[in-house]
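> Prediction below, plus the sequence it came from.
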Amino acid sequence: MDITKKKEFIINILYYGIILAAIFVAFKYLLPILVPFIIAFIIAWLIRKPTMMLHRRTNINENLLGMIVLILFYLVIGTLIVLAALGLISFANDFFRGLPAFIQNDIRPFLDGISLSVTDMIANLPEEIRSGILAIINSLDSAFDDVVSSLSSIAISFATGVVTAVPATFVSIVLCIISSFFFVVDYDKVTSFAYKHMNAKMKDFMDSLTSFMKNKVVVIIKSYAMIMCITFVELSLGFFIIGLDGFIWIALSIAIFDILPVFGTGGIMIPWALITLLNGNITLGIELAIIYVIVTVIRNIIEPKIVGGNLGLHPVLTLASMLVGVHFFGVIGLFGFPLMISFVMYLKKEEKINLKALRR
């Protein structure tokens, strides 16, 4: 490799490195600030099609119809969020209130029973071995007491974090709602203004992005709706086999909860299985644990395949991009990073098609 090629290689590395660094900084620091406005514009864009259909059929003013559709949209979403929040608050309230009594009346006697059983089993062992085992038991017991004593501080820290995040979240939601109404009313003006101040390359890029997003946003929604339905069927079948009452409603609630990236099925199934085991219902606890493992394994298999297949990505690439995205950018990266990779591949594909057309 001669000096010129080495220089070109280094320049290319620096060039793409600067681009990647700029993208990372934009995603990490700038995007969270702009998220309310981006979501507002996406909402306005999503309801535009049904608004236009209603306008053509009824001849009612387009802006008025847009406002009505947007209000109905927020009423439905707001109702679902309020119901989910009330359920979560009720669960957290019951959990933290009953936790001290549960530890004192169930977990502590259970652990003490294990400790006595182990003590009886090692009674005839040599003194050195018996002393070592008892020291381990005492260390574990002290560690458990430390964990129990720190639970209150953990709960307070969690509650403080939630309360601290409420003002910023509330402001973001208000900004999103207000912005969406402005975008709905002035959608054509906003898009035409932005399009007017773009150069030719930027216009081509935005045309490609719009064309890509028209299909892929719907595709992602359909993908996760399909995953939710599969999870619901798996849970319903599992709960039916083990004979749970009201298994359909339980399965539906957990399937909806499973869409949340941070919590997932384990947010309900793991505490449920542990509490059931500690309450002495070993069979049901094991059955719930088995159902959770099966659902989780199937979810981890089908999610990259379904989402990646619809995005045009290999399942391994989809899974890797989701893990990288959620690690660096949180929930936004979980959905946005695979979408960004799919868009880059879409641009490459379009570039090849355009080059072939020019050669012809």
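Great, that's in hand. Predicted model only: the values in this text are computed from it and were never measured.
> all helices of the stretch 151-300 of the chain, in order?
All helices of the stretch 151-300 of the chain, identified by DSSP state H, counting those that start in this stretch, fall at 187-196, 200-242, 247-257, 266-278, 282-311.
> if we compare these, which one ends up closest to A135?
Closest to A135 of those is helix 266-278 (C-beta to C-beta; 25.5 Å). Every residue, glycine included, has its C-beta placed from N, CA and C.
> Just the buried positions in that closest one, please.
G267, I268, M269, W272, A273, I275, T276, L277, L278 (16 or more other C-beta atoms under 10 Å).
> Between helix 200-242 and it, find me the angle.
20 degrees (axes from the mean of the first three to the mean of the last three C-alpha atoms, to 10 degrees).
> which strands and helices sit next to helix 266-278?
helix 62-102, helix 247-257, helix 282-311 (3 or more C-beta pairs under 8 Å, 6 or more residues apart in numbering; DSSP states H and E).
> which residues of the stretch 1-150 of the chain score low on pLDDT?
Applying pLDDT under 70 to the stretch 1-150 of the chain flags the ranges 1-2, 16, 20, 23, 27, 84-85, 87-88, 90-103, 106-107, 143-150.
> which residues in it form helices?
3-25, 31-58, 62-102, 108-121, 127-185.
> Select, out of those, the one closest to T210.
Of these, nearest to T210 by C-beta to C-beta is helix 31-58, at 9.0 Å.
> And the closest one, what's buried?
31, 36-37, 39-41, 43-48, 51, 54-55.
> roughly how far is the strand or helix carrying V324 from the heart of the chain?
According to DSSP states H and E, V324 maps onto helix 315-329. Computed by C-alpha atoms, centre = their mean, to the nearest Å, the chain-centroid distance of helix 315-329 equals 12 Å.
> go on, stretch 51-65?
Distance, centroid of stretch 51-65 to centroid of chain: 35 Å (C-alpha atoms, centre = their mean).
> Tell me the spacing between L14 and F328.
L14 sits 22 Å away from F328, taking C-beta to C-beta, to the nearest Å as the criterion.
> So those two - more neighbours on which side?
Higher neighbour count among L14 and F328: F328, with 13 against 10, using other C-beta atoms under 10 Å.
> count of residues packed around the residue lying closest to that one once chain neighbours are set aside?
Distances taken as C-beta to C-beta, 6 or more residues apart in numbering place K28 nearest to F328, at 7.1 Å, with adjacent residues excluded. Using other C-beta under 10 Å, K28 has 14 other residues around it.
> from what I can see K28 touches H327, true?
No: shown here, K28 and H327 do not form a contact pair, counting by C-beta atoms under 8 Å, at 11.7 Å.
> quick one on the thing from earlier: rebuild the helices and strands packed on helix 266-278 as TSV, extending it with mean neighbour count.
As requested, the helices and strands packed on helix 266-278 are exported to TSV (neighbours: other C-beta atoms under 10 Å):
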stretch	mean neighbour count
helix 62-102	13
helix 247-257	17
helix 282-311	17
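> nearest to D120, of those helices?
Using C-beta to C-beta, the nearest of the helices and strands packed on helix 266-278 to D120 is helix 282-311, at 21.2 Å.
> Poorly predicted segments of the stretch 151-300 of the chain, please.
Short version for the stretch 151-300 of the chain, where the test is pLDDT under 70: 151-163, 165, 214-215, 259-264, 278-280.
> what do you get if the cut-off is 50, keeping everything else the same?
Residues of the stretch 151-300 of the chain that meet the criterion pLDDT under 50 are absent altogether.
> is it true that M269 touches I254?
Yes: using C-beta under 8 Å, M269 is in contact with I254, at 6.9 Å.
> mind giving me the domain ranges of the chain?
36-197, 198-360 (automatic domain parsing).
> Redo the ones you listed as CSV? Include distance to A21.
Formatted as CSV, the domains of the chain follow (distance: least, C-beta to C-beta, whole Å):
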stretch, distance to A21
domain 36-197, 21
domain 198-360, 13
